[in-house]
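S.K.: Task: produce atomic coordinates for the following.
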Amino acid sequence: MVAVGAGTRWLRRAVSVAGRRTRFFFEVPGASFAWRSHHPLLGQGGCRTEVSVKSRFFRRGLVFSTLSYLGYEAYAVISRSATVHANAQVDEVLDQADYLYGSGETEKLYQLLDQHKDSENAQVLWRLARASRDLAQLSHTSAEKKKHLTYQALDYAKKALEKDPSCFSVHKWYAICLSDVGDYEGIKTKIGNAFIIKEHFQKAIELNPKDATSLHLMGIWCYTFAEMPWYQSKIASVLFSTPPSATYKEALHYFQKAEDVEPNFYSKNLLFLGKTYMKLNNIKMALLWLTKAKERLPHTEEDKQVHKETVELLNSLRKD
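M.R.: Okay, here's the model as predicted:
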């Protein structure tokens, strides 16, 4: 049996390295322990323990010595310290990312999150998918780079979905990224993916009915298939026994619900409320929402594009 003093010294050493995220190896008469811990941003979260036992006393059935107990206590201390430290680092990255996203710093946001592309954390991964997608959407991004970023965004979104299928943002961004990839895959794949995209938007809404963006995107899905050109509808009917379909009234329901949840949250939702009312021949309501879209101050490149389209639509309505 190992003396208590030796076990206590081992415990002090174990605790001293708990905050430094290092691998250490220590031998005592009768047993050897190798403990490794992995940062969730870089690898598997938590601690993994490897134990090889060489003691003749252990073979005789004497298993719980004072050292074993102290060793377990040290493991618990290290594990708790590792988790707290890792969570603090993840939270710091997420806080920085959310600040940059809110500030419209698309390229800086991508550079920050790209440093953590090997993360196993779903919260990091879906934000990286979003950042990759947003960078692809910038007007100065080359066609080649845009395609690369679009597929890259889907890869990150897939990984996030594997890590945490209970997160509404994961479902939302997986659906968005899958939709973007459809632009490179041809009409058959694009229409086929539409069923999956709808399913994930609906799941996002189910998980968080107060997320205005998910509601807006479900509205976009409905508007897109309500507006589908006749030749695409014909192709869809040939390829699928029950092709995706929707109505402008369904689209209006989601756009209005998004606005009810969070008024004036997104210039594009105001624009599509106006466009949907135009499709439904309600010019009075179309003018109301398009005017609101025009009056909303543009902050991003997308806002500027929305403002431009809104002005054009208003001019066309007023001419009529």
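S.K.: what about the helices in the chain?
M.R.: Under the criterion DSSP state H, the chain contains helices at 4-17, 56-59, 66-102, 106-114, 122-137, 143-163, 168-185, 187-207, 212-226, 230-239, 248-261, 267-279, 283-295, 301-319.
S.K.: Now mean pLDDT too, for these, in CSV please.
M.R.: As requested, the helices of the chain are exported to CSV (pLDDT from 0 to 100):
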stretch, mean pLDDT
helix 4-17, 35
helix 56-59, 40
helix 66-102, 67
helix 106-114, 96
helix 122-137, 97
helix 143-163, 97
helix 168-185, 96
helix 187-207, 94
helix 212-226, 97
helix 230-239, 76
helix 248-261, 98
helix 267-279, 98
helix 283-295, 96
helix 301-319, 92
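S.K.: would a markdown table of those helices with mean neighbour count be doable?
M.R.: Where you see a C-beta, it was placed from the backbone N, CA and C, and this is true even at glycine. Putting the helices of the chain into a markdown table (neighbours: other Cβ atoms under 10 Å) gives the following:
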| stretch | mean neighbour count |
| --- | --- |
| helix 4-17 | 14 |
| helix 56-59 | 12 |
| helix 66-102 | 16 |
| helix 106-114 | 18 |
| helix 122-137 | 24 |
| helix 143-163 | 18 |
| helix 168-185 | 21 |
| helix 187-207 | 18 |
| helix 212-226 | 22 |
| helix 230-239 | 13 |
| helix 248-261 | 19 |
| helix 267-279 | 23 |
| helix 283-295 | 17 |
| helix 301-319 | 15 |
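S.K.: The residue sitting nearest the centre point of the chain: what's it in contact with?
M.R.: The centroid of the chain falls nearest to residue 126 when counting by Cα atoms, centre = their mean (1.9 Å). Neighbour list for residue 126: 156-157, 160, 167, 169-170, 173-174 [criterion: Cβ atoms under 8 Å, 6 or more residues apart in numbering].
S.K.: Show me the two of the residues you listed that sit farthest apart.
M.R.: Maximum pairwise distance among the contacts of residue 126 (Cβ to Cβ): 13.5 Å, between 156 and 167.
S.K.: circling back to that earlier point, looking at the contacts of residue 126, which one is closest to residue 308?
M.R.: residue 173 (26.2 Å).
S.K.: ok, now how distant is that closest one from residue 237?
M.R.: Applying Cβ to Cβ, to the nearest Å, the value for residue 173 to residue 237 is 30 Å.
S.K.: what's the answer for residue 90, then?
M.R.: In terms of Cβ to Cβ, residue 90 sits 47 Å off from residue 237.
S.K.: Excluding chain neighbours, what is closest to residue 167?
M.R.: residue 122 (5.7 Å; Cβ to Cβ, 6 or more residues apart in numbering).
S.K.: May I ask you to confirm that the one you found is in contact with residue 160?
M.R.: Yes: at 4.4 Å, residue 122 and residue 160 qualify as touching, with contact defined as Cβ atoms under 8 Å.
S.K.: Quick check: neighbours shared by the two?
M.R.: Joint contacts of residue 122 and residue 160 (Cβ under 8 Å, 6+ apart) are 167, 170.
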